[in-house]
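Novice: need a 3D model of the sequence below.
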Amino acid sequence: MLTTRPAKQIPLSQAAAIDWPQALGDAGYVAGPQLGQMVGLACAIPRPLLLEGPAGVGKTSLASAVAEVLGRTLVRLQCYEGIGAEQALYEWNYHKQFAALTADRAADVFSGEYLLERPLLRALTTPAVLLVDEIDRADEGFEALLLEFLGEYSITIPEWKSLSAEVAPVVLLTSNRTRPLSDALRRRCLFHRFDWPTEDQERAIVASHVQTLDPALVIQVVGAVRSMREWNLIKPPGVAETIDWATALSISGSHWKLDWALQTLGCVIKDVLDMEVAVQRLPGLFSGDT
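Specialist: The predicted structure is shown next:
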């Protein structure tokens with residue numbers, strides 16, 4: 001995913017002086033002082049920042065906010081099992097090469113004109129915030145490839161030349177801990193562990209995203225979701241689900257009642273076994289017995 005870079009770009013040499021909790025808040029992201037400090041250090045040193053925690057706590061959306069604060073392009077690499085160099089680094093445009101060689105057998109088809117940039121290469125050619133999302137879904141071989149990239153922020157293209165970043169990218173990696181990451185990767189990164197936000201923080205997050213919802217209803221929705229996280233569910237609802245439920249309540253114009261909550265439970269519960277638990281226990285939230 002690539003987003004447009006804002007016009008005003010802040011040099012990384014000035015990143016340590018930014019009030020990051022305030023700046024991220026202005027970008028619509030609620031962050032505490034510890035996270036703000038780690039983001040500032042990751043920009044100023046610079047070092048990759050590894051973000052771990054439960055799904056839905058805001059790891060991915062942090063990258064968008066950092067890109068907005070710094071005035072940089074956001075480049076996203078979504079990891080998955082089997083991802084390799086062609087999906088992450090670069091690929092040659094074979095059709096264009098073949099057409100060029102058909103027209104002129106002496107044509108030099110190993111140059112930038114025939115190169116297809118993938119996210120890692122793109123992050124070297126433009127001032128960027130690079131999000132390597134769900135690195136734990138990729139295999140160890142891809143980790144090794146990524147280590148080489150993170151070492152010097154450069155890529156060697158054997159058929160052409162080596163490319164290095166004129167401006168170092170700000171790199172954020174996220175992990176849901178579906179598998180252990182290597183010690184080598186961890187040593188190259190700064191680290192921040194996400195926990196669930198406090199109740200006040202979650203209310204602030206929801207209120208900033210669903211500004212049309214009455215504050216009293218924000219309290220009700222947030223309280224209900226936080227109670228659900230104590231139900232030992234397979235997939236506990238994250239902050240994104242809280243926002244979705246609050247949005248549904250706002251646009252439906254309904255009151256916060258059990259019937260409405262049961263009808264819209266799919267906004268926060270995404271597993272059939274969890275749904276059975278939630279249907280049984282949800283009435284307790286409205287009777288005061290959780």
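Novice: show me this protein divided up by domain.
Specialist: 12-193, 199-285 (automatic domain parsing).
Novice: number of residues surrounding A88?
Specialist: 22 (other CB atoms under 10 Å). C-beta coordinates here come from the backbone N, C-alpha and C atoms, glycine included.
Novice: so the spatially closest residue to it that is not a sequence neighbour is in which element?
Specialist: Spatially, and ignoring its direct neighbours in sequence, A88 is nearest to L120 (5.1 Å; CB to CB, 6 or more residues apart in numbering). Element membership for L120 (DSSP states H and E) is helix 119-125.
Novice: quick one: average pLDDT of that helix?
Specialist: For helix 119-125, mean pLDDT is 94.
Novice: please enumerate the helices of the stretch 151-290 of the chain.
Specialist: Here the stretch 151-290 of the chain has its helices, by DSSP state H, counting those that start in this stretch, at 183-187, 199-209, 215-228, 239-252, 258-263, 272-287.
Novice: counting contacts, what elements does the last one pack onto?
Specialist: Think helix 272-287. helix 215-228, helix 258-263 (3 or more CB pairs under 8 Å, 6 or more residues apart in numbering; DSSP states H and E).
Novice: which other residues reach that helix?
Specialist: 223-224, 227-228, 231, 233-235, 257-258, 261-262, 265-266, 268-269, 290 (CB atoms under 8 Å, 6 or more residues apart in numbering).
Novice: residue ranges with poor pLDDT in the stretch 101-250 of the chain?
Specialist: In the predicted model, the stretch 101-250 of the chain carries no residue with pLDDT under 70.
Novice: any of the contacts of helix 272-287 buried? List them.
Specialist: Neighbour-count burial (16 or more other CB atoms under 10 Å) applied to those gives 224, 228, 231, 233, 261, 265, 268-269.
Novice: how long is stretch 264-279 end to end?
Specialist: 11 Å (CA to CA, to the nearest Å).
Novice: what are the buried residues along it?
Specialist: Judged by neighbour count using 16+ other CB under 10 Å, the buried positions of stretch 264-279 are 264-265, 267-269, 274, 277-278.
Novice: now do stretch 86-103
Specialist: 87-90, 92, 97, 100.
Novice: for the residues you listed, which one is nearest Y29?
Specialist: Checking these against Y29 by CB to CB gives A88 as the nearest, at 26.1 Å.
Novice: and the residue nearest to the spatial centre of the chain, what helix or strand is that in?
Specialist: The centroid of the chain falls nearest to T60 when counting by CA atoms, centre = their mean (1.5 Å). Secondary structure from DSSP H and E places T60 in helix 59-70.
Novice: and that helix, what other elements does it pack with?
Specialist: Secondary elements touching helix 59-70 (3+ CB pairs under 8 Å, 6+ apart): helix 20-26, helix 33-44, strand 49-52, strand 73-78, strand 128-133, strand 170-175.
Novice: paired strands for the fifth one, with orientation please.
Specialist: In other words, strand 128-133. The strands that strand 128-133 pairs with in its sheet are strand 73-78 (parallel), strand 170-175 (parallel) (by DSSP bridges).
Novice: S250 is nearest to which of the ones you listed?
Specialist: Closest to S250 of the strands paired with strand 128-133, according to CB to CB: strand 73-78, at 27.3 Å.
Novice: circling back: in CSV: the buried ones among the contacts of helix 272-287, plus distance to F191.
Specialist: Below are these laid out as CSV (distance: CB to CB, whole Å):
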residue, distance to F191
A224, 32
M228, 28
W231, 29
L233, 27
A261, 38
L265, 35
V268, 29
I269, 31
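Novice: just flag the most distant two among the residues you listed.
Specialist: L233 and A261 (15.8 Å).
Novice: and the closest residue to V171 other than its chain neighbours, what is it in contact with?
Specialist: Nearest non-adjacent residue to V171, counting by CB to CB, 6+ apart: P48, 4.0 Å away. Residues near P48 by CB under 8 Å, 6+ apart: 42, 150, 171-173, 188-190.
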